[in-house]
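Visitor: here's my sequence, what's the structure:
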Amino acid sequence: MTDTIPGIIVGTLLVLFGAGLIQLHRTSWFHRQHDEDLSDDDFRFFSKQYRRRMQTSSLLVLIGFLIMIGDAPYMPWKSYPGLFAAYWGGILLIAFWVILSAIGDMSASRVRSTNLISRIQDQQRVLEKQLLELKEKKKQTSDKNSTSDKEK
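Guide: Numbers count the residues shown, from 1 in each chain. Got it, this is the predicted structure:
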C-alpha cells in the first residue's frame, strides 16, 4: 500500500492542476466571447487557443487518472510485463503530446504578439512622422508670423 502513495499524490495533483487550468480557460474564453472590441482575427486566434489549451489541460487530467490507476496494487504488472510497458509507454506518449501542444501554443502566442508589436511600431512611426510634420508646419507658421511682425 505504501508503494501506491506517491502515485496517488502525483496523480491527484495532476488531476487538480488540470481541472484548475480547465476552469481558468473556460472563464477566460467566456469573457473573450463577450468582448465587443475583438476583431474577427482576434476571435479566431482566441478560439483556437482555447481549443489547444483545453485539450492540453484535459490530457493532464487523463494522465493523472492513468498514473493513479497504473500504480494501483491490483494491476497485474508482474504477470504481464508487456502490458506494463505498453501502458506506461502510452502515458509517456500522451505526456509528450502535452509537451508538444504546449510548445505549439507558446509559439502561436509568440507569433501573434510579434505581429501585434510590429503593427503597433508601424503605427508609432506613422504618428511620429505626422507629429514631426505638424511641428514643422507650426514652426514655419511661427517663423512667418515673426517675420511679418518685424516688417511692421
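Visitor: just the helices in the protein please.
Guide: For the chain, the helices defined by DSSP state H cover 5-33, 40-70, 81-151.
Visitor: comparing the ones you listed, which comes out most buried?
Guide: With neighbours taken as mean count of other Cβ atoms under 10 Å, the helices of the chain reach their highest mean count in helix 40-70, at a mean of 16. Backbone N, C-alpha and C define where each C-beta goes, glycine included.
Visitor: and it, what does it pack onto?
Guide: Packing contacts for helix 40-70, counted by 3 or more Cβ pairs under 8 Å, 6 or more residues apart in numbering; DSSP states H and E, involve helix 5-33, helix 81-151.
Visitor: and the average pLDDT for it is what?
Guide: For helix 40-70, mean pLDDT is 94.
Visitor: angle of that helix against helix 5-33?
Guide: Inter-element angle recorded for helix 40-70 and helix 5-33: 160 degrees (by axes from the mean of the first three to the mean of the last three Cα atoms, to 10 degrees).
Visitor: tell me what angle helix 40-70 forms with helix 81-151.
Guide: Using the same axes, to 10 degrees, helix 40-70 lies at 150 degrees relative to helix 81-151.
Visitor: contacts only, for Tyr87.
Guide: 66, 70 (Cβ atoms under 8 Å, 6 or more residues apart in numbering).
Visitor: centre of the chain to the lowest-mean-pLDDT helix or strand in the chain, how far?
Guide: Among the helical and strand segments of the chain, the one scoring lowest on mean pLDDT, DSSP states H and E is helix 81-151, with a mean of 91. The chain centroid and the centroid of helix 81-151 are separated by 15 Å, computed with Cα atoms, centre = their mean, to the nearest Å.
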